[in-house]
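can you look at this prediction? I've put the sequence above it.
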Amino acid sequence: IPHVYYATVSRLRRKIDGARDLLPAPVIREEEEQQIGVIYYGSMENSITEIDDMLESTGLSVSTCRVRALPYHSEVEGFIERHDKVIVLEINRDGQLYGILRKELPVELLPRLHSVAYTDGIPPRARVYADKILETLEVTV
């Protein structure tokens, strides 16, 4: 019965949207000049400070946002709104977080998002990811 299905899906959407801000908020570190944002999650935690330092040594102003839960907190969307370009940094081949954000965000924010999803089976090395971010920004500038 279509109307029962629609009602169920609508209820689930309200439940997910209502849970967003009850889940852990992201850990955000923002620069005064909000040029580049980097969104990442736990697996990049040990490398992000070094990556950030490498990017800032090139003259970029870089803010970071560590997503700690899905569905993502509303502060993640606010972080994206405040930055010109946002890199979604992931240690995987497929860019799952990037895909989730693209499906959930308002369409006008999508051009700001850029994926850097990479894995070679070795724990993340800051130089590799910093270089990949710089390559991505070069293409999109």
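That came through, no problem.

for the rest of this, base every contact and every neighbour count on C-alpha atoms.
Will do.

at the geometric centre of the protein, which residue sits there?
Geometric centre of the chain, nearest residue: Ile39, 3.2 Å, by Cα atoms, centre = their mean.

elements contacting the host helix or strand of that residue?
Applying DSSP states H and E as the criterion places Ile39 in strand 36-41. In this structure, strand 36-41 packs against strand 62-67, strand 85-90, with contacts taken as 3 or more Cα pairs under 8 Å, 6 or more residues apart in numbering; DSSP states H and E.

mind listing what Ser115 touches?
Shown in contact with Ser115 (Cα atoms under 8 Å, 6 or more residues apart in numbering): 87-89, 95, 98.

can you map out the helices along the chain?
In the chain, the helices defined using DSSP state H lie at 2-19, 45-56, 74-81, 96-104, 126-140.

mean pLDDT for the ones you listed: which is lowest?
In terms of average pLDDT, helix 2-19 trails the rest of those, at a mean of 87.

chain center to that one: distance?
Computed by Cα atoms, centre = their mean, to the nearest Å, the chain-centroid distance of helix 2-19 equals 26 Å.

just stretch 132-139 next, same as before
The answer for stretch 132-139 is 16 Å, by Cα atoms, centre = their mean.

stretch 87-94 now?
Put simply, stretch 87-94 sits 9 Å off its chain's centre (Cα atoms, centre = their mean).

what residues sit buried inside that stretch?
Residues 87-91 are the ones in stretch 87-94 that count as buried (16 or more other Cα atoms under 10 Å).

of those, which one scores lowest on pLDDT?
Among the buried residues of stretch 87-94, Ile91 has the lowest pLDDT, at 93.

what are the phi and psi values at it?
Dihedral pair for Ile91: phi -90, psi 80, per degrees, to the nearest 10.
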